[in-house]
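Engineer: sequence and predicted model, in that order:
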Amino acid sequence: AFLNDVNATQKTVVWFKYNLWQFAWNAAYNFNTHYGFGFNGLQGLNAPPSSSNPAPGFFDTVSYKGKSMVKYYAYDAPSNTVNADPDVGITQVIDTTKAQALVTITNSKTSAQAPYIIRSGNFWYFADLPLSYIGPRDRYLVLCDILHDIFADNQPVSHKALVRLEDVDALVNFGTMQTLSDYLLSQHIPFSIATIPHYMDPLGVYNGGVREEVPLSQAGTLKTSLNYALARGGKILMHGYTHQYDSMRNKNTGVSADDFEFWNAVANTPVAEDSTAWALGRLLAGKTEFQNNGYAPFAWETPHYQASPLSTKAVPLVFNTTYQRAVYYTSDTPNFTATVSKDFQVGQFFPYVIKQDYYGQWIVPENLGNIEYNISSIDPSSNITYTWQDICLNAQYATVVRDGFASFFFHPFWLESSLAPLVTTGFTDFKNIIQCITTLGYTWTDASTLAHP
């Protein structure tokens, strides 16, 4: 019945990767003649990987608007495990009056090419699943752009840029906020401040072993910093209530900004109290704390971008706008260890505004990432390096989406002198990102103007 519907419909059909053979190789549908292209079969890795040949190659490079988008591949020799999605459906145009290959994919080892996207009237075929192993320079961006053609929405080219100052809490350094606010004002750039209203250090990690709790009403330096930034074009969003969970290390220190709040990251499960009502209570408490101190956050950002499904369902009940990435699950009560009906989770970023996601969230995008410095000698959890050049390159790739954003965030603490000599270029690197994105032709935009009307 499904194949009959696909064959007969005048509506748009988009088919990804697998099982097209059930349609194309069924003589009842005369597929090749009807659609003007044929399905030749699947191709995966050129050969089984091994320690002597760890990367045998596959169709891994999608070419689009002058950018080469290389699919993710990783091989662990000791366990003989491949992390990749190498399979592609190989198609061939037979009748150019009926079918067109819009985008190609190349096997980087053999130089063989094949259509990545084929269109035949109302029927579209993608050679793989562009939602697997997505990244900021991945063929996922091709899907994001081509969706405009699939929906025929005539979206004009428009590139906006957003910058967000991240994890601003009671321990914020006023000097760093002053420096960043003044610079952004001098460049006429509006910005957002992801603020944690209620600071917690339940184990006294940064307070000599003594528990510390600072509500917004007692956070003098934070309020001074916010007031200074607001007067210079900043806008506040709520970044968790405490941005940590209970009195446990989840996974790091248990301190605000370090840990997950709405997800047990140690066990990779929802927290013990998990429910929409529990999360709703925390969101309302945080929003009330802002309001009682004279602030009105325009949006919500989930701590570390991950919350349980039931917690996420609370967000639209309090905030009509979020500013973030998101994690999606195959169940409202996910179980990742079950032997039968095991659940899965996947994180996703967006290159433009999403007006309603699965959980009902209006999402202002963050798609470029953030600068990271390896300071593992003083903080074992901070062992990643991600440079301003990486952010800049991500912004270049985002231009292939006709309405793609360049949206990144930055931690003000990277300017603090206490991190020297490990980090000395934080402010310079921040300015380099701003200048790069400006040079690429993006228009700096106030994120609050993208909020749900």
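Structural biologist: In hand now; what should we look at? Numbers count the residues shown, from 1 in each chain.

Engineer: G294: how many residues sit nearby?
Structural biologist: Look at G294: counted by other C-beta atoms under 10 Å, it has 10 neighbours. Quick note: C-beta positions are derived from backbone N, CA and C, even for glycine.

Engineer: again with Y18
Structural biologist: A count of nearby residues for Y18, using other C-beta under 10 Å, gives 12.

Engineer: residue contacts, it?
Structural biologist: By C-beta atoms under 8 Å, 6 or more residues apart in numbering, Y18 lies in contact with L42, D87, G89.

Engineer: now do the second one, the pLDDT please.
Structural biologist: You'll see D87 listed with a pLDDT of 98.

Engineer: any weak-confidence spans in the stretch 151-300 of the chain?
Structural biologist: Nowhere does the stretch 151-300 of the chain drop to pLDDT under 70.

Engineer: in it, which spans are strands?
Structural biologist: Assigned by DSSP state E, counting those that start in this stretch, the stretch 151-300 of the chain shows strands spanning 160-168, 191-195, 199-201, 212-214, 234-238.

Engineer: okay if I get those as JSON lines plus distance to F344?
Structural biologist: Formatted as JSON lines, the strands of the stretch 151-300 of the chain follow (distance: least, C-beta to C-beta, whole Å):
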{"stretch": "strand 160-168", "distance to F344": "28"}
{"stretch": "strand 191-195", "distance to F344": "28"}
{"stretch": "strand 199-201", "distance to F344": "31"}
{"stretch": "strand 212-214", "distance to F344": "37"}
{"stretch": "strand 234-238", "distance to F344": "29"}
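
Engineer: mind putting these into CSV with mean neighbour count?
Structural biologist: Below are these laid out as CSV (neighbours: other C-beta atoms under 10 Å):
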stretch, mean neighbour count
strand 160-168, 24
strand 191-195, 27
strand 199-201, 23
strand 212-214, 17
strand 234-238, 23
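
Engineer: picking up where we left off before, so which of the contacts of Y18 wins on neighbours?
Structural biologist: Within the contacts of Y18, most neighbours by other C-beta under 10 Å means G89, with 26 neighbours.

Engineer: just checking, that one is part of a strand?
Structural biologist: Yes - the assignment for G89, made by DSSP: H, G, I helix; E, B strand; the rest coil, places it in a strand.

Engineer: which one is it nearest to, not counting chain neighbours?
Structural biologist: A127 (4.9 Å; C-beta to C-beta, 6 or more residues apart in numbering).

Engineer: and K431, which of the strands of the stretch 151-300 of the chain is closest to it?
Structural biologist: The closest of the strands of the stretch 151-300 of the chain to K431 is strand 160-168. By C-beta to C-beta, the value is 11.3 Å.

Engineer: tell me what the closest one is packed against?
Structural biologist: helix 174-186, strand 191-195, helix 220-230, strand 406-410, helix 426-439, strand 443-444 (3 or more C-beta pairs under 8 Å, 6 or more residues apart in numbering; DSSP states H and E).

Engineer: outside of the longest one, which residues touch it?
Structural biologist: Right, helix 426-439. 161, 163, 179-180, 183-184, 187, 189, 371, 373, 387-388, 391-392, 395, 406, 408, 410, 414-415, 419, 444.

Engineer: got the angle for it vs strand 406-410?
Structural biologist: 170 degrees (axes from the mean of the first three to the mean of the last three C-alpha atoms, to 10 degrees).

Engineer: please apply the same query to the first one.
Structural biologist: Angle between the axes of helix 174-186 and strand 406-410 is 160 degrees (criterion: the same axes, to 10 degrees).

Engineer: show me the contacts for the residue nearest to G89.
Structural biologist: Going by C-beta under 8 Å, 6+ apart, A127 touches K17, F59, V88, G89, I90, T91, I105, A114, P115, Y116, I117.

Engineer: I'd guessed the fifth one sits against F37; true?
Structural biologist: Just to be clear, that refers to I90. No - applying C-beta atoms under 8 Å as the test, I90 and F37 come out as separate, 10.9 Å apart.

Engineer: okay, these two: which has more neighbours?
Structural biologist: Neighbour comparison, I90 and F37: the larger count goes to F37, with 25 against 16 (by other C-beta under 10 Å).

Engineer: and which of the contacts of Y18 is nearest T242?
Structural biologist: Nearest to T242 among those, counting by C-beta to C-beta, is D87 at 43.9 Å.

Engineer: just put the contacts of A127 in CSV and tack on distance to R325.
Structural biologist: Output for the contacts of A127, formatted as CSV (distance: C-beta to C-beta, whole Å):
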residue, distance to R325
K17, 24
F59, 28
V88, 27
G89, 29
I90, 33
T91, 32
I105, 26
A114, 31
P115, 31
Y116, 25
I117, 25
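
Engineer: just give me the closest of those to E289.
Structural biologist: After measuring the contacts of A127 against E289 - C-beta to C-beta - the closest member comes out as K17, at 47.6 Å.

Engineer: to N335, which of the strands of the stretch 151-300 of the chain lies closest?
Structural biologist: Of all those, strand 199-201 comes closest under C-beta to C-beta, at 29.1 Å.

Engineer: who does that closest one touch, helix- and strand-wise?
Structural biologist: Under the contact definition 3+ C-beta pairs under 8 Å, 6+ apart, strand 199-201 sits against strand 212-214.
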